[in-house]
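*Asks:* Quick one, what's the 3D model for this:
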Amino acid sequence: MLSVLKRVPRASVAARAAARSYATEHNPPTRFESASVWQNEPSQPNLVTDSVPGPRSSELSKEIADFQDPRTHVVVADYAKSRGNYLVDADGNEMLDVFAQIASIAIGYNNPELLALAKTDEFAIAAMNRPALGSFPSNEWSETIHKGLLSVAPKGTPHLFTQMCGSCANEGALKAAFMAYRARQRGEQGIKDFTSEEARLSAFVYIDVLSDNSLDMQMSSCMKNASPGSPDLVAMSFKSAFHGRLFGSLSLTRSKAIHKLDIPAFDWPAISWPTMKYPLDEYASENAEAEARTIALVEEMIIAQKKKGKDVAALIVEPIQSEGGDNHASPSFFKALRTVTREHGVFMIVDEVQTGVGATGAFWAHDKWKLDHPPDFVTFSKKMQAAGFYHAEGTRASLPYRNYNTWMGDPMRALQAREMIGFIKAHGLVAHTAAIGDELYSSLTDLSKRYSGQIHNLRGKDCGTFIAWDAASAEQRDKFVAEMRKVGVVMGGCGDKAVRLRPMLVFGDKQKDVLLEKMEGVFKDMS
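*Replies:* Numbering: from 1, shown residues only. Presented below is the predicted three-dimensional model:
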């Protein structure tokens, strides 16, 4: 059980961070062992019940069922006892977690440095005085953001809008893209703060440029969700994509029908993801042809929408389609996508909600594309434990309150992100994840040769621990995931029949060996 929280002076946390920064600069680590941080982390899974979930987990799920749907529960966890790479459930089962709360835990359960932050007055004040950040930011807000989230801002996107979750981040980026698109049509130059009179007069100017409609019509029509105030702009996504479950983001999501059924949606276009063969490097020629066909379809769709009077203002893309089945493409594909979007004036949004923060062996997965021109927006959440979007110059709304909400994120989570970023840098976890991922992929390649009926289309080479493969069917995939849980390993699936690995950045050699041993045992039993 965790000890009762004791206040730690902010100076102590700052001194530790400074010492950590110095140590990192002068002695950059090459590999990470979680035992150096969690001396009491289990070395192996330990199951104390005959089934997972066990009786206590099942009992607690039934209690939750009184007020909330429990049908998606895997287990009910005891987070006070969980540590490092191991999740402990309500029955006391200690399980190696390579799903990490749907890819959302970066630096381990109950990381001592995060617990130390939580004991500070700085954290307590941020938690208990949650501000409306857009109107009443704290005097520490700028420093917190510069030392944390902005210290890892992707190239070309130096501005930041903090949000509540991944879906919110994508919707915020969409709004920003639509407003920036219209601003560009009107000829707005840069970011300007208007007085109310200037805003009124400038609106007349914009209307003169765009149409003969009066200001009153512009304003009144948008309140009716009608043009010209609500313009016929569209956003484009890819089939099999997942960008969230809110209304705007759900219109872009195409991974599973169950997410979208019965929900009204925007009439926004989607293009099929290129049909890739794995391993990518062994089928480079065929894959290049598939990618070229997809790029041609993207351009054709942009032109077709224009002919229908609907401008494509934004295109959103995941570096690896995650929920849709861990679908990959080459850097050349994304470079071509960036070229097409720039040529047609379409803002490019890179959805790094799941791929961001080191999981692919780069802090941002799109860094590996080596784009000549950076994306316009990069969204994040999950492993950052905070959410929002980075954006380029000139894409900030020209008037206040247009992209705004009460909380605009959470200062407590921004502090947590700052501490996590420091931990990741200090322990070289991005480089570590790249290295351990290469070794894991190599071992899985060997395993796939011995159990070819169990592992199909292994993918994720050179992508850190962001690795997946297909089972023979959805039923076989679900059985495999369930059998792994019975031997103490928490895993997850995605798409129609894919198994995905989403371990934490603190996943190391010992955990890798345990994972491979348990997988081989289950494969042997299922063969």
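*Asks:* So which bits of the longest helix belonging to the chain are buried?
*Replies:* For the chain, the helix reaching the highest residue count under DSSP state H is reported as helix 284-307. Using 16 or more other C-beta atoms under 10 Å as the test for burial, helix 284-307 gives Asn287, Ala290, Glu291, Thr294, Ile295, Val298, Glu299, Met301, Ile302, Gln305. In this view, the C-beta of every residue, glycine as well, is placed from N, C-alpha and C.
*Asks:* Which strands and helices lie in contact with that helix?
*Replies:* Contact partners of helix 284-307 among helices and strands, from 3 or more C-beta pairs under 8 Å, 6 or more residues apart in numbering; DSSP states H and E: strand 233-238, strand 270-271, strand 311-317, helix 331-343.
*Asks:* mean confidence for that helix?
*Replies:* Computed over helix 284-307, the mean pLDDT rounds to 98.
*Asks:* Any chance you could list what contacts that helix?
*Replies:* 234, 236, 269, 271-277, 280, 311-312, 315, 329-330, 332-333, 336-337, 340, 344, 346 (C-beta atoms under 8 Å, 6 or more residues apart in numbering).
*Asks:* chain center to it: distance?
*Replies:* Counting by C-alpha atoms, centre = their mean, to the nearest Å, helix 284-307 is centred 25 Å from the centre of its parent chain.
*Asks:* Next one, pLDDT for the closest residue to Lys147 other than its chain neighbours please.
*Replies:* Distances taken as C-beta to C-beta, 6 or more residues apart in numbering place Arg418 nearest to Lys147, at 5.4 Å, with adjacent residues excluded. pLDDT for Arg418: 98.
*Asks:* Ser448 now?
*Replies:* For Ser448, pLDDT reads 96.
*Asks:* who's in contact with it?
*Replies:* So Ser448 contacts Gln454, Ile455, Leu458, Trp469 (C-beta under 8 Å, 6+ apart).
*Asks:* Ok, Ala177 next?
*Replies:* Ala177 sits next to Ala235, Ala313, Ala314, Phe347, Ile349, Asp376, Phe377, Thr395 when contact means C-beta under 8 Å, 6+ apart.
*Asks:* Of those residues, just the buried ones, PyMOL syntax please.
*Replies:* Those of these that count as buried under 16+ other C-beta under 10 Å are selected in PyMOL with:
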select buried, resi 235+313+314+347+349+376+377+395
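*Asks:* hmm, back to that, please tabulate the buried residues of helix 284-307 in CSV and include distance to Val481 as additional columns.
*Replies:* Listed next are these as CSV, based on distance: C-beta to C-beta, whole Å:
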residue, distance to Val481
Asn287, 28
Ala290, 29
Glu291, 31
Thr294, 30
Ile295, 35
Val298, 34
Glu299, 39
Met301, 36
Ile302, 39
Gln305, 40
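*Asks:* Need the max-distance pair from those.
*Replies:* For those, the maximum inter-member distance is 27.0 Å, found between Asn287 and Gln305 (C-beta to C-beta).
*Asks:* Find me the pLDDT at the most centrally placed residue in the chain, would you?
*Replies:* Centroid-nearest residue in the chain, with C-alpha atoms, centre = their mean: Val353, separated by 1.3 Å. Confidence at Val353, expressed as pLDDT, is 98.
*Asks:* Repeat that for the one 5 residues further on.
*Replies:* Predicted confidence (pLDDT) for Gly358: 98.
*Asks:* what do you get for Ala183?
*Replies:* Looking at Ala183, its pLDDT is 89.
*Asks:* and if you look at Cys222?
*Replies:* So Cys222 comes in at 88 (pLDDT).
*Asks:* hang on, it packs against Asp216?
*Replies:* No. Using C-beta atoms under 8 Å, Cys222 is not in contact with Asp216, being 11.3 Å away.
*Asks:* Which one of these two is surrounded by more residues?
*Replies:* Using other C-beta atoms under 10 Å, the more surrounded residue of Cys222 and Asp216 is Cys222, with 14 against 8.
*Asks:* For the more buried one, give me its contacts.
*Replies:* Gly229, Ser230.
*Asks:* Same question for Pro264.
*Replies:* Contacts of Pro264 (C-beta under 8 Å, 6+ apart): Phe247.
*Asks:* Recalculate using a threshold of 10 Å.
*Replies:* Phe247, Leu250, Ser251 (C-beta atoms under 10 Å, 6 or more residues apart in numbering).
*Asks:* Quick check: the gap between it and Asp69.
*Replies:* Separation of Pro264 from Asp69 (C-beta to C-beta, to the nearest Å) stands at 22 Å.
*Asks:* rewinding a little: drop anything exposed from the contacts of Ser448.
*Replies:* Taking 16+ other C-beta under 10 Å as the criterion, what is buried in the contacts of Ser448 is Gln454, Ile455, Leu458, Trp469.
*Asks:* Quickly check these for the two that are furthest apart.
*Replies:* Greatest spacing in those, by C-beta to C-beta: Gln454 and Leu458 (10.7 Å).
*Asks:* Stretch 104-120: which residues count as buried?
*Replies:* Neighbour-count burial for stretch 104-120 [16+ other C-beta under 10 Å]: 104-111, 113-114, 116-120.
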